[in-house]
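J.: Sharing a model that was predicted from the sequence below.
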Amino acid sequence: MLPMTAIAALAALTYGMRLAGPLLRGRMVVPARAERLFSDSATVLLIALAATSALTAGHGFAGWARPAGVLVGGLLAARRAPFPVVVVTAAAVTALLRLAGVP
Amino acid sequence: MAAARRERSRDAAGSGLYRDVALVCLADGIVGLSFGAAAVAGGLPWWVPVALSVLVFAGGSQIAAVGVVLGGGSPVAAVAAGAVLNTRLLPYGLAVADVMSPAAGDGARGSTWTAVRGWLTRIVGAHVITDESVAFALRQADPARRRIAFWTCGLALFAVWNVCVLLGVLAGSMITDTGAFGLDATFPAVVVALALPALTSRPVRKAAGAGAVIAVALTPVLPAGLPLLAALGGLAARRIGRRIGRRIGRRGPHGVDDQFTIDETTYQVRAGQAGGL
């Protein structure tokens, strides 16, 4: 569950980071190293989120159908397939595997 | 005749922007639909994805926050993950600050109204800073066109994103068996598609691989949400990789990866990539 206070906190933090730019204009330069750290952290988090949400459910293994669908979707994304194709294919592969009895 | 042709070519330039913005809105709209549907299908009340979309309005962090809580993680872990993803908005804001300041000549009179309008512009404009609006703005060299591109993309995206999330919520609440439709696979697939374009350099790929291994390995033992934050430890792999690379003297073409310059090209390349939609 995500309570309203948590949503408000994330909204406030996000808006703060957005407004800082226009307010600090000309008075601040983000060091290249810091900026690189920001962007690398975002990438690492996303890939870790993709891995955990594809492979795990709760504290255990999610079964084969889901990661298989995600893998096919990921391969399509790597081949620059459009977003809708990636999403629909991932769901379809997982659904078909489950239909065939794969957990 | 010449005037008509000029008119037409100016139209073409303008409609090129509108067409590109429409395409981006369409792509993001589909992500919004699946975000709304997956969030309620996963068991969250309808107002959670809706409030996130209006108030946070940053797709990657919304998806991450919902992903953490759907995985059983605490709200604190969800907020932390979302906030880390949004740190990139700070340099974005610095890059497009000019489109939110009063246009040249406007401020000359210095009336109260001009000041109020300047502040309103900043307050609203800051909220529509996204990967996409920044990318569109930075693609234009002319200040007036930058302004048009930023505001067109930012406002259109805000409208489309929120409408589509709402539609997704409606659709998601009608689906009872999410497993049978493979809906649980759409979430990680969207996240992969978001992150892939940012995996351009070798150190980042190493860091992301290490982070994923750390997060998956810790999932059985740590409370949900924490493994994701622990994945940031994977960032250390960048440095190790670089040091080893230097020691064996294999700089080669990968030496380029270590260079990092802030300029508009970098923003263009990165905007719409890591964590963006």
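T.: Yes, it's here.
J.: okay, which residue is most central for chain A?
T.: Residue closest to the mean C-alpha point of chain A, counted by C-alpha atoms, centre = their mean, is A:Leu46 at 4.2 Å.
J.: Can you tell me the element that one falls in?
T.: Using DSSP states H and E, A:Leu46 maps to helix A:32-55.
J.: any residue of stretch B:29-36 up close to chain A?
T.: Yes - residues of stretch B:29-36 contacting chain A under C-beta under 8 Å from any C-beta of the partner chain: B:Ile30, B:Val31, B:Ser34. Where C-beta positions appear, they are placed from N, C-alpha and C, glycine not excepted.
J.: Contacts only, for the first one.
T.: Counting by C-beta atoms under 8 Å, 6 or more residues apart in numbering or on different chains, B:Ile30 touches A:Phe83, A:Pro84, A:Val87, B:Cys164.
J.: Which residue does chain A have closest to chain B?
T.: Of all residues in chain A, the one sitting closest to chain B is A:Gly21 (1.7 Å; C-beta to the nearest C-beta).
J.: and the residue lying closest to that residue once chain neighbours are set aside, how many residues sit next to it?
T.: Nearest in space to A:Gly21, with sequence neighbours left out and distances taken as C-beta to C-beta, 6 or more residues apart in numbering or on different chains, is B:Gly93 at 1.7 Å. When neighbours are defined as other C-beta atoms under 10 Å in any protein chain shown, B:Gly93 has 25 of them.
J.: What of B:Pro188?
T.: What B:Pro188 shows, counting by other C-beta under 10 Å, is a neighbour count of 27.
J.: so it is in which element?
T.: Assigned by DSSP H and E, B:Pro188 falls within helix B:183-195.
J.: Let me know the helix or strand that the residue nearest to A:Gly21 is in.
T.: Per DSSP H and E: helix B:89-95 holds B:Gly93.
J.: again, but for B:Ala207
T.: Taking DSSP H and E as the criterion, B:Ala207 maps to helix B:202-218.
J.: quick one: average confidence on that helix?
T.: Taken as a whole, helix B:202-218 has a mean pLDDT of 94.
J.: where do the helices sit along chain A?
T.: Remark: helices assigned in chain A by DSSP state H are A:4-24, A:32-55, A:65-78, A:83-99.
J.: Is it possible to get TSV of those helices that adds mean pLDDT?
T.: Shown next, in TSV, are these (pLDDT from 0 to 100):
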stretch	mean pLDDT
helix A:4-24	95
helix A:32-55	86
helix A:65-78	95
helix A:83-99	91
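J.: Quick check: which of those helices is buried the most?
T.: helix A:32-55 (a mean of 24; mean count of other C-beta atoms under 10 Å in any protein chain shown).
J.: list the contacts for B:Ala208?
T.: A:Thr43, A:Val44, A:Ile47, A:Ala48, B:Ala195, B:Leu199, B:Gly234.
J.: A:Pro67 contacts A:Ala54, correct?
T.: Yes - using C-beta atoms under 8 Å, A:Pro67 is in contact with A:Ala54, at 4.7 Å.
J.: what about A:Ala81, how many residues close to it?
T.: The local packing of A:Ala81 (other C-beta under 10 Å) involves 15 other residues.
J.: Got phi/psi on it?
T.: Reported as degrees, to the nearest 10, the phi and psi values for A:Ala81 are phi -70, psi 150.
J.: nearest residue to it other than its sequence neighbours?
T.: Spatial nearest neighbour of A:Ala81, excluding adjacent residues (C-beta to C-beta, 6+ apart): A:Thr89 at 7.8 Å.
J.: What separation do you get for that neighbour and A:Ala42?
T.: Separation of A:Thr89 from A:Ala42 (C-beta to C-beta, to the nearest Å): 25 Å.
J.: Identify the residue of the stretch 1-150 of chain B closest to chain A, quick one.
T.: Per C-beta to the nearest C-beta, B:Gly93 is where the stretch 1-150 of chain B lies closest to chain A, at 1.7 Å.
J.: so what's that residue up against?
T.: A:Met17, A:Arg18, A:Leu19, A:Ala20, A:Gly21, A:Pro22, B:Ala126, B:Ile129.
J.: Could you do A:Leu13 as well?
T.: With contacts defined as C-beta under 8 Å, 6+ apart, A:Leu13 is in contact with B:Val79, B:Gly82, B:Ala83, B:Asn86.
J.: Same list (those) but as CSV, adding neighbour count, pLDDT and distance to A:Gly26.
T.: Shown next, in CSV, are these (neighbours: other C-beta atoms under 10 Å in any protein chain shown; pLDDT from 0 to 100; distance: C-beta to C-beta, whole Å):
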residue, neighbour count, pLDDT, distance to A:Gly26
B:Val79, 27, 95, 31
B:Gly82, 31, 91, 29
B:Ala83, 20, 91, 26
B:Asn86, 26, 90, 23
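J.: Can you tell me how far A:Phe61 is from A:Ala12?
T.: From A:Phe61 to A:Ala12 the distance is 37 Å (C-beta to C-beta).
J.: same check, this time on A:Leu75
T.: Shown here: A:Leu75 relative to A:Ala12, a distance of 38 Å by C-beta to C-beta.
J.: same question, B:Val48
T.: Counting by C-beta to C-beta, the gap from B:Val48 to A:Ala12 is 17 Å.
J.: re the thing from before, return the subset of the residues of stretch B:29-36 next to chain A lying in helices.
T.: The members of those that map onto helices under DSSP H are B:Ile30, B:Val31, B:Ser34.
J.: low pLDDT regions in chain B?
T.: B:1-15, B:102-110, B:241-277 (pLDDT under 70).
J.: quick one, helices of it?
T.: For chain B, the helices defined by DSSP H cover B:2-41, B:47-55, B:59-70, B:75-85, B:89-95, B:112-127, B:131-138, B:143-174, B:183-195, B:202-218, B:226-230, B:236-247, B:264-270.
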